[in-house]
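Undergrad: attaching a predicted model along with its sequence, questions to come.
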Amino acid sequence: MERKQQVLGFAQRKPVGDRQAKHVSGEGKQTDWKPAKESAVEVQNDAATASPHEETERALQLFDMDMAFGPCTGLSRRERWERASRLGLNPPPHVRTLLDSASCREDSVWEGRV
């Protein structure tokens with residue numbers, strides 16, 4: 001089990017520089033990382049409490065980060081969706097529906113960053 005924890009990155013980590021450890025793992029060891037969600041139920045509960053706007057933005061961000069639909073720099077989300085459709089890459093239809101609504105941003109998450 002200990003080897004598996006080391007491979008997955010769960011083994012105790014030493015603080016870097018003068019940073020102090022901020023969290024304690026289940027074994028009582030201090031670590032400098034924040035533990036992930038304990039279970040899928042916690043993730044589902046977080047998703048259930050998300051506002052409709054947050055859900056829309058999350059779906060669009062996933063589309064932005066999926067390289068299966070080609071590069072997203074220099075194009076709006078709508079242009080990228082249409083290009084992917086023309087090229088037969090089968091972009092998700094629900095993303096097109098979200099883009100047709102007036103409540104979402106046209107720019108990808110990468111706009112202005114790269």
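TA: Looks like it arrived, so ask away. Residues are numbered from 1 along each chain as shown.

Undergrad: P71: neighbour count?
TA: P71 sits with 12 neighbouring residues when counted by other CB atoms under 10 Å. All C-beta spots, glycine's among them, are computed from the backbone N, C-alpha and C.

Undergrad: check the secondary structure at it for me.
TA: coil (DSSP: H, G, I helix; E, B strand; the rest coil).

Undergrad: need the contact list for it.
TA: With contact set as CB atoms under 8 Å, 6 or more residues apart in numbering, P71 has no partners.

Undergrad: just the mean pLDDT for whichever helix in the chain runs longest, thanks.
TA: Counting residues, the longest helix in the chain under DSSP state H turns out to be helix 52-65. Per-residue pLDDT over helix 52-65 has a mean of 85.

Undergrad: what packs against it?
TA: helix 77-86, helix 93-100 (3 or more CB pairs under 8 Å, 6 or more residues apart in numbering; DSSP states H and E).

Undergrad: just checking, what packs against the last one?
TA: This points to helix 93-100. Helix 93-100 packs on helix 52-65, helix 77-86, going by 3+ CB pairs under 8 Å, 6+ apart.

Undergrad: so which of the ones you listed is the most packed in?
TA: Among the helices and strands packed on helix 93-100, ranked by average contacts under mean count of other CB atoms under 10 Å, first place goes to helix 77-86 (a mean of 17).

Undergrad: so, low pLDDT: which residues of the protein?
TA: Along the chain, the model assigns pLDDT under 70 to residues 1-49, 102, 105, 107-114.

Undergrad: mind giving me the domain split of it?
TA: With domains defined by automatic domain parsing, the chain comprises 2-31, 51-100.
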